[in-house]
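# coordinates only, sequence not included:
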């Protein structure tokens, strides 16, 4: 193995609802066979119209209870995206989304389009979003988002949508270079790829996509493979 | 930014107690100014003699209770490395280490040196281990280990030791490309770098180190900066 490259995709314009995101990427990317394309969730959601204007939201009593010093309408939107509240410390809400992801604000984030009264939601089906981009562009696609983690400070980018790639590398039964059976058996490579891409994308630089070149990974799977099944989850 | 490269360091021999790890790396690495070197915890621990032979361990009653079908002496070693048990489902133990890390088996792992009765412990002070390598080799160093995560399947490599690099990128107050103040404010870049390195190291390939080239990150800090302070931790 000669190593991998992580290349920022510069020159993608501000994405708006209804934009053909695959075309915008195709216009600036020189994709090669075997590449993995990582795309920030926020631009996928915007293209798909997963945006909410706060002036159209009315806050419930529950949202007001959770809001503390935050706009209760934001909490209302978060509650609408949550299937389960995992931890709350107003105004902080950690929730499970319909996709099974556990994350801050149920994945709801501010638009960084300058429109202060607008929130962006996770795609309804991020695997399907990844699949559409993969089919159009001919490469594996990961849709990434920044998640916090229990016990550790700071966010890392993880995969919320996957197409054309097996997100978990299963080493069960594999022996290492000296013949010892490996104990750590499943590696979340899609999350590691998403995090690697974040290093060149950068929130502040406004680069919404990156290419990972040189990985010898293919296969298939879903970002839902990365969700811990309830029966194995010691932290539910 | 032109992107980053992740280069596996091949040719490092099996590491044994007392080995001069910096010299072993220096013999095969062509390091450049600005590189970040990621080294797997296991080889650092081995060089530092952080290994335990099971035939010298006697299991306590508590270790036997937690062992289920596992060797209770392994649990005894894990209990010795733990300052707090966070979750237990015998034989699975998730524990806080003296460094503040919360991870499976308090970071205790099997040696993959073919010696079936040997366990490897985390370095006593992984930041100091990273600092020694950084001083010898003239680059920033991250010592990485594979941690599981609540809510998500599979492990990702994270930073357990850091030298010559600020592990958390603090974007509080920074505005994005269209002037909106960023809400996700701290990015755990050291964990993203460790995970990126894992993509070329690979447990099964026996490559214990990688170079990350092209990052524009310097600074200083400690892997302890990545530990969530108790008062902010909603999952304690």
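It's in. This is a predicted model, so every value here is computed, not measured. Numbering: from 1, shown residues only, chains lettered A, B, ... in the order given.

# in chain A, which spans are helices?
All helices of chain A, identified by DSSP state H, fall at A:21-28, A:41-47, A:61-67, A:72-81, A:126-137, A:189-201.

# report the angle between the last one and helix B:189-201.
Comparing the axes of helix A:189-201 and helix B:189-201 via axes from the mean of the first three to the mean of the last three CA atoms, to 10 degrees yields an angle of 120 degrees.

# briefly note if helix A:189-201 comes near chain B.
Yes - looking at helix A:189-201 against chain B by CB under 8 Å from any CB of the partner chain, the contacts come from A:189, A:191-193, A:195-196, A:198-200. All C-beta atoms are positioned from the backbone trio N, CA, C, and that covers glycine.

# how about the residues you listed in CSV, adding pLDDT and neighbour count?
Shown next, in CSV, are these (pLDDT from 0 to 100; neighbours: other CB atoms under 10 Å in any protein chain shown):
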residue, pLDDT, neighbour count
A:189, 96, 26
A:191, 98, 29
A:192, 98, 28
A:193, 98, 30
A:195, 98, 32
A:196, 97, 30
A:198, 96, 29
A:199, 95, 27
A:200, 95, 26
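
# would stretch A:59-71 count as contacting chain B?
No - applying CB under 8 Å from any CB, one finds stretch A:59-71 out of contact with chain B, separated by at least 10.8 Å.

# distance between the ends of that stretch?
Chord length of stretch A:59-71, first to last residue, is 9 Å (CA to CA, to the nearest Å).

# then stretch A:205-216?
End-to-end for stretch A:205-216, by CA to CA: 29 Å.

# between the residues of helix A:189-201 next to chain B, which is nearest residue A:57?
For those, the minimum distance to residue A:57 (CB to CB) is 29.7 Å, reached by residue A:198.

# excluding its backbone neighbours, what's nearest the closest one?
Distance criterion CB to CB, 6 or more residues apart in numbering or on different chains; nearest residue to residue A:198, sequence neighbours excluded, is residue A:157 at 3.8 Å.

# who's in contact with that neighbour?
Residue A:157 is in contact with A:144-147, A:191, A:194-195, A:197-198, A:201, B:192, counting by CB atoms under 8 Å, 6 or more residues apart in numbering or on different chains.

# how about a cut-off of 10 Å?
Counting by CB atoms under 10 Å, 6 or more residues apart in numbering or on different chains, residue A:157 touches A:38, A:40-41, A:142, A:144-147, A:191-199, A:201, A:203, B:184, B:187-188, B:192, B:195.

# ok, now residue A:27?
Shown in contact with residue A:27 (CB under 10 Å, 6+ apart): A:11-13, A:20.

# with residue A:30 instead?
Neighbours of residue A:30 in contact, by CB under 10 Å, 6+ apart: A:7, A:9, A:211.

# go on, residue A:109?
Shown in contact with residue A:109 (CB under 10 Å, 6+ apart): A:41-42, A:45, A:119-122, A:145-146, B:183-184.

# can you redo these as TSV with pLDDT?
Shown next, in TSV, are these (pLDDT from 0 to 100):
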residue	pLDDT
A:41	97
A:42	95
A:45	97
A:119	95
A:120	95
A:121	97
A:122	98
A:145	97
A:146	95
B:183	57
B:184	56
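
# so which of those is the closest to residue B:25?
Within the contacts of residue A:109, the smallest distance to residue B:25 is 32.0 Å, found for residue A:146 (CB to CB).

# look up the residues forming beta bridges with the closest one.
residue A:157 (DSSP bridges).

# so what's the residue count around it?
Around residue A:146 there are 23 other residues, counting by other CB atoms under 10 Å in any protein chain shown.

# ok, the one 3 residues further on next?
One way to gauge burial is a neighbour count; for residue A:149, by other CB under 10 Å, it gives 25.

# wait, isn't it in contact with residue B:150?
Yes - counting by CB atoms under 10 Å, residue A:149 does reach residue B:150; the two are 7.6 Å apart.

# show the pLDDT at the residue nearest to residue A:198.
Note on residue A:157: pLDDT of 97.

# how about stretch A:8-19: buried residues?
Neighbour-count burial for stretch A:8-19, counted by 16 or more other CB atoms under 10 Å in any protein chain shown, picks out A:8-10, A:12, A:15, A:19.

# tell me which of the residues of helix A:189-201 next to chain B is nearest to residue A:135?
Minimum distance to residue A:135 across these is 19.3 Å, recorded for residue A:193 (CB to CB).

# assess the claim that that closest one and residue A:164 are in contact.
No - contact criterion CB under 10 Å: residue A:193 and residue A:164 do not qualify, at 12.0 Å.

# spit out the contact partners of the residue lying closest to residue A:26 once chain neighbours are set aside.
Counting by CB to CB, 6+ apart, residue A:26 lies nearest to residue A:137, which is 6.2 Å off, once chain neighbours are set aside. Contacts for residue A:137 were tallied using CB under 10 Å, 6+ apart; they are A:21-23, A:25-26, A:29, A:31, A:35, A:37, A:39, A:164.

# picking that back up, for the contacts of residue A:27, which one is nearest residue B:70?
Using CB to CB, the contacts of residue A:27 come closest to residue B:70 at residue A:12, 50.3 Å.

# contacts only, for the closest residue to residue A:145 other than its chain neighbours.
Distances taken as CB to CB, 6+ apart put residue A:41 closest to residue A:145, at 4.1 Å, once the chain neighbours are dropped. Neighbouring residues of residue A:41 by CB under 10 Å, 6+ apart: A:50, A:107, A:109, A:120-123, A:126, A:129, A:143-146, A:157-161, A:194, A:208.

# cheers, nothing more for now.
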